[in-house]
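1. sequence first, predicted model second:
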Amino acid sequence: MSTTPSPRSQPDTARLPDFDPRSVPVEGIDAHLPPVPVHQQTPQALRARFGAPPVWEPELTSERRFSDRAPAHAAVLVPIVQRDQPTVLLTERTAHLSTHSGQIAFPGGKADPEDASPADTALREAHEEVGLERRYVEVLGALPIYRTGSAFIITPVVALVQPGFTLQPNPYEVAAVFEVPLAFLLNPAHHQRHAVVWEGVRREWFSMPYDDEGTQRFIWGATAGMLRNFYRFMSAGG
């Protein structure tokens, strides 16, 4: 959903949900689950976790299809900025886009034939969308594939980002770039559950609304789903 690749590389054939996710009631909040401890969120701890991954299972792997387009491979970058308190860099898509306008997304997009790997796709797209240069990025590894309702098969590529970068967002695609504390996203007390019946089918998703200095960033759909899997990965084996 909110991580659908950019319109420059996709046909406009999706039948998009016409409900406002912000208006759908919260069915539950997972405050009973423990947050990932802060000491496990350091660059050293993240490198160690991806170097020797625990045995775990992703909670979410696919959404119910709402598009008849042919499946397409894509990759997104999950960029963890190495600040004193680590953050995750996210984008807000511009309002005029034909698909998923105004939604919160990771930098990313559809794979090109020239891309050597999902990591190469994610790094290329991050540079094209927001101007993030590869020299600031250290790829740690990938989370399990996530299949969106719009028929994209997405590989989330997790990476550390060294501060000092200068961003140049593509104004056609990106309305805003912002950062959310990693500790906020890895705390299930901020994971809200929603469900709605649309076209006769019950659809469920997570949201992680974040107050960005007075601006609410409504993280939901595929972006929230992949972050939920990242939480499960980080909390496994403990």
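-> Structure's in. What do you need?
2. for Asp212, which residues are in contact?
-> For Asp212, the residues meeting the contact criterion (CB atoms under 8 Å, 6 or more residues apart in numbering) are Phe178, Val180. C-betas here are computed from N, CA, C, even on glycine.
3. 52 is where my numbering starts, stick with that
-> Sure, I'll start numbering at 52, so the last one becomes Asp263.
4. so for it, what's the pLDDT?
-> You'll see Asp263 listed with a pLDDT of 95.
5. where's it relative to Val231, distance?
-> 7 Å (CB to CB, to the nearest Å).
6. same question for Arg100.
-> Going from Arg100 to Val231 by CB to CB gives 20 Å.
7. and what of His178?
-> Looking at His178 against Val231, where the rule is CB to CB, the gap reads 21 Å.
8. out of the two, which sits in the more crowded spot?
-> When His178 and Val231 are compared for neighbours, Val231 comes out ahead with 19 against 16, by other CB atoms under 10 Å.
9. pretty sure that one contacts Phe269?
-> No: Val231 is beyond contact range of Phe269, at 11.7 Å (criterion: CB atoms under 8 Å).
10. between those two, what contacts are shared?
-> Common contact partners of Val231 and Phe269 (CB under 8 Å, 6+ apart): none.
11. list the buried ones in stretch 210-220?
-> Residues of stretch 210-220 classed as buried: Ala210, Leu211, Val212, Phe216, Pro220 (neighbour count, 16 or more other CB atoms under 10 Å).
12. need phi/psi at the third one.
-> The phi and psi torsions at Val212 (degrees, to the nearest 10) take the values phi -120, psi 120.
13. OK, contacts around Phe281?
-> Contacts of Phe281 by CB under 8 Å, 6+ apart are Val129, Leu194, Pro207, Val209, Leu236, Leu237.
14. tell me which two of these sit farthest apart.
-> Farthest-apart pair in these is Pro207 and Leu237; separation 14.5 Å (CB to CB).
15. for this protein, what spans make up the strands?
-> If you assign secondary structure with DSSP state E, the strands in the chain sit at 77-80, 123-132, 138-144, 155-156, 159-161, 188-193, 197-198, 203-212, 225-232, 243-249, 252-258, 261-263, 266-268.
16. the third one: partners in the sheet, and parallel or antiparallel?
-> So that's strand 138-144. Applying DSSP bridges, strand 138-144 is found paired with strand 123-132 (antiparallel), strand 155-156 (antiparallel), strand 225-232 (antiparallel).
17. the last one now?
-> Partners of strand 266-268 in the sheet, by DSSP bridges, are strand 261-263 (antiparallel).
18. gap between the partner strand and the chain center?
-> Distance of strand 261-263 from its chain centroid, counting by CA atoms, centre = their mean, to the nearest Å, is 16 Å.
19. now swap in stretch 177-190 and tell me
-> Here stretch 177-190 is found 16 Å from its chain centre; the criterion is CA atoms, centre = their mean.
20. that stretch: end-to-end distance?
-> Between the opening and closing residues of stretch 177-190 there is a gap of 13 Å (CA to CA, to the nearest Å).
21. okay, buried residues for that stretch please.
-> When burial is assessed from 16+ other CB under 10 Å, stretch 177-190 yields the following buried residues: Ala177, His178, Glu179, Glu180, Val181, Gly182, Leu183, Tyr187, Val188, Val190.
22. I figured the fifth one hits Gln219, correct?
-> Yes: counting by CB under 8 Å, Val181 sits close enough to Gln219 to count as a contact (7.2 Å).
23. pull the most distant pair out of the buried residues of stretch 177-190.
-> Longest distance between any two of the buried residues of stretch 177-190 is 18.0 Å, between Gly182 and Val190; criterion CB to CB.
24. who touches the residue lying closest to Leu236 once chain neighbours are set aside in this structure?
-> Distances taken as CB to CB, 6 or more residues apart in numbering place Leu278 nearest to Leu236, at 5.3 Å, with adjacent residues excluded. Taking CB under 8 Å, 6+ apart as the definition of contact, the neighbours of Leu278 are Val129, Val139, Leu236, Phe257, Met259, Ile270.
25. alright, calling it a day.
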